[in-house]
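Asker: with the sequence up front, the predicted model follows.
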Amino acid sequence: AQSVTQPDIHITVSEGASLELRCNYSYGATPYLFWYVQSPGQGLQLLLKYFSGDTLVQGIKGFEAEFKRSQSSFNLRKPSVHWSDAAEYFCAVGVSGGSNYKLTFGKGTLLTVNP
Amino acid sequence: SQTIHQWPATLVQPVGSPLSLECTVEGTSNPNLYWYRQAAGRGLQLLFYSVGIGQISSEVPQNLSASRPQDRQFILSSKKLLLSDSGFYLCAWSSGQGRDEQFFGPGTRLTVL
């Protein structure tokens, strides 16, 4: 069965610093990969997705992620963090079984941004 | 454009009472629909998903049930709530075309006392 690991439960960075959130997946076939962001008490918003092709994908809010098949990773990056980026971030892997398409989520990484 | 609604936004219920959470999607037809529960530090747990009217798949056996009476309506229910049912419930939809992203509603915060 597929799984997603986000090794960092909580990360604190200073505003303006660079950011990298780690995500490792386990899946036997080519994965479909996603990053979502959740502000407190809100639903999840899609940041970016990888299906195929270019392994470096660009998303909203200045985020990007790189798919590395050899490392089974899909890390999220941002060159300069803003205070409004403070939120919880979830990595997910997609599993396709006919029309029954499901996502498996990691447990999330909480990002705190210091002024 | 597509939108997804959930209500109520918050709910406080006593143990043993019934539950009904509603999710509706606008602006699309024949979506896949999903119910997730989110507990602190445990990520998102898929509870149910549906690929069409009346078609429900359960991921985790428990005292909850789901129904899809209309194409764009998904309901989460319970006959008798347990303390462990407390959490943040999220509804999501996808186009059902395969390898596509899911779009989430604003969620319902359920507290069982």
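Answerer: Nice, I can see it.
Asker: just the pLDDT at the residue nearest in space to the middle of chain B, thanks.
Answerer: Central residue of chain B (Cα atoms, centre = their mean): B:W35, 3.0 Å from the mean position. At B:W35, the model reports a pLDDT of 96.
Asker: what's opposite B:S50 in the beta bridge?
Answerer: B:L33 (DSSP bridges).
Asker: so what's the residue nearest to A:C23 when sequence neighbours are not counted bridging to?
Answerer: Excluding the flanking residues, the one nearest A:C23 by Cβ to Cβ, 6 or more residues apart in numbering or on different chains is A:C91, at 3.5 Å. (Glycine included, C-beta is placed from N, CA and C.) In this entry, A:C91 is beta-bridged to A:W35, by DSSP bridges.
Asker: contact partners for the residue lying closest to B:T108 once chain neighbours are set aside?
Answerer: Leaving aside its sequence neighbours, B:T108 sits nearest to B:Y89 (Cβ to Cβ, 6+ apart; 4.7 Å). Applying Cβ atoms under 8 Å, 6 or more residues apart in numbering or on different chains, we find B:Y89 in contact with B:Q6, B:L21, B:W35, B:Y36, B:R37, B:Q38, B:L76, B:G107, B:T108, B:R109, B:L110.
Asker: I figured the residue nearest to A:C23 hits A:F34, correct?
Answerer: Yes - counting by Cβ atoms under 8 Å, A:C91 touches A:F34, with 7.1 Å between them.
Asker: how about the residues of chain A near chain B?
Answerer: With the criterion set to Cβ under 8 Å from any Cβ of the partner chain, chain A comes near chain B through A:9, A:32, A:34, A:36, A:41-46, A:49, A:51, A:90, A:94, A:96, A:99-108.
Asker: what's the farthest-apart pair in the contacts of B:Y89?
Answerer: With Cβ to Cβ as the measure, no two of these lie farther apart than B:W35 and B:R109, at 14.6 Å.
Asker: end-to-end on stretch A:21-29?
Answerer: 23 Å (Cα to Cα, to the nearest Å).
Asker: quick one: least confident helix or strand in chain A?
Answerer: Using mean pLDDT, DSSP states H and E, strand A:100-105 stands out as the lowest-scoring helix or strand of chain A, at a mean of 81.
Asker: so what strands line up beside it?
Answerer: Short version: by DSSP bridges, strand A:100-105 pairs with strand A:87-97 (antiparallel).
Asker: chain center to the strand it pairs with, what's the gap?
Answerer: Its chain's C-alpha centre and that of strand A:87-97 lie 7 Å apart, by Cα atoms, centre = their mean, to the nearest Å.
Asker: output it as PDB, restricted to C-alpha atoms.
Answerer: Taking Å, rounded to 0.1, in the frame of the first residue of the first chain, the C-alpha atoms of strand A:87-97 are listed here in PDB:
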ATOM      1  CA  ALA A  87       0.300  27.200   8.100                       C
ATOM      2  CA  GLU A  88       0.300  23.400   8.000                       C
ATOM      3  CA  TYR A  89       1.500  21.700   4.800                       C
ATOM      4  CA  PHE A  90       0.400  18.300   3.600                       C
ATOM      5  CA  CYS A  91       2.000  16.100   1.000                       C
ATOM      6  CA  ALA A  92      -0.200  13.600  -0.700                       C
ATOM      7  CA  VAL A  93       0.300  10.700  -3.200                       C
ATOM      8  CA  GLY A  94      -2.500   9.700  -5.600                       C
ATOM      9  CA  VAL A  95      -3.600   6.200  -6.300                       C
ATOM     10  CA  SER A  96      -5.600   5.400  -9.400                       C
ATOM     11  CA  GLY A  97      -7.800   2.400  -9.500                       C
END
